[in-house]
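Novice: have a look; sequence and predicted model below, questions after that.
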Amino acid sequence: MKVLIGCEESGVVREAFAKLGHDAWSCDILPSRQAGNHTQADILSVLDKGWDLAIFHTPCTFLSNSGVRWLHERPERWELMEKDALLFKACMDADIPKIANENPIMHKYAVEIIGRRQDQVIQPWMFGHGETKATCLWLKNLPQLQPTNIVEGREQRVWKMPPSEHRQRDRSVTFQGIADAMAEQWG
């Protein structure tokens, strides 16, 4: 299967699919952090390349419910929110048979632009990681992910990460158990 992992520079999901024999590619405006098939470009420039499946991790900073208050305190963020919501919608509307888009819980303004709420909310602890981080999935012609390894010891490690130069990047990396479940169940 020809698989596109959009807006992913970590390579985690791409490599989970590649490990199972798929022709998997990631695309991001940043270079990939690990070797593998990667196109450094705007995601919109590669949507028409004959993909069978696409999994997107579109930017969430201005769409996330956790940051909605900043829209009111920093008016310049409204334009950025609209831009990211339209990118999310363009990815979901791409002419690709099977699509998933991963993002946090969205605020109502983003949902109005996108046109609908998520199809599923998953947690890392459902896939072998003792952490909490609500992750929403918007699905097109894909089944909901089924938990693979429910674990105890749940902690908000990602939310508690200290400020750093790479905090945003590090917080966005897909947990390996979730990446493996995507490859095994959707591949």
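Specialist: Okay, I see it. Numbering: from 1, shown residues only.
Novice: so what pairs up with the closest residue to residue 50 other than its chain neighbours in the strands?
Specialist: Using Cβ to Cβ, 6 or more residues apart in numbering and skipping residues adjacent in sequence, the residue nearest residue 50 is residue 2, 6.2 Å away. In short, each C-beta sits where N, CA and C put it, glycine included. Here residue 2 sits in beta bridges with residue 23, going by DSSP bridges.
Novice: where does pLDDT dip in the protein?
Specialist: 157-172 (pLDDT under 70).
Novice: strands of that one, start to end?
Specialist: Secondary structure of the chain (DSSP state E): strands located at 2-6, 23-28, 38-40, 53-56, 98-103, 120-122, 135-140.
Novice: coming back round to it: how many neighbours does the residue nearest to residue 50 have?
Specialist: Using other Cβ atoms under 10 Å, residue 2 has 14 other residues around it.
Novice: kindly export stretch 177-187 (C-alpha atoms) in PDB.
Specialist: Provided in PDB are the C-alpha atoms of stretch 177-187 (Å, rounded to 0.1, in the frame of the first residue of the first chain):
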ATOM      1  CA  GLY A 177       2.200   1.900  20.400                       C
ATOM      2  CA  ILE A 178      -0.300   4.100  18.600                       C
ATOM      3  CA  ALA A 179       1.900   4.200  15.500                       C
ATOM      4  CA  ASP A 180       2.100   0.400  15.500                       C
ATOM      5  CA  ALA A 181      -1.700   0.000  16.000                       C
ATOM      6  CA  MET A 182      -2.300   2.300  13.000                       C
ATOM      7  CA  ALA A 183       0.100   0.300  10.800                       C
ATOM      8  CA  GLU A 184      -1.300  -3.100  11.900                       C
ATOM      9  CA  GLN A 185      -5.000  -2.100  11.800                       C
ATOM     10  CA  TRP A 186      -5.100   0.300   8.900                       C
ATOM     11  CA  GLY A 187      -2.300  -1.200   6.800                       C
END
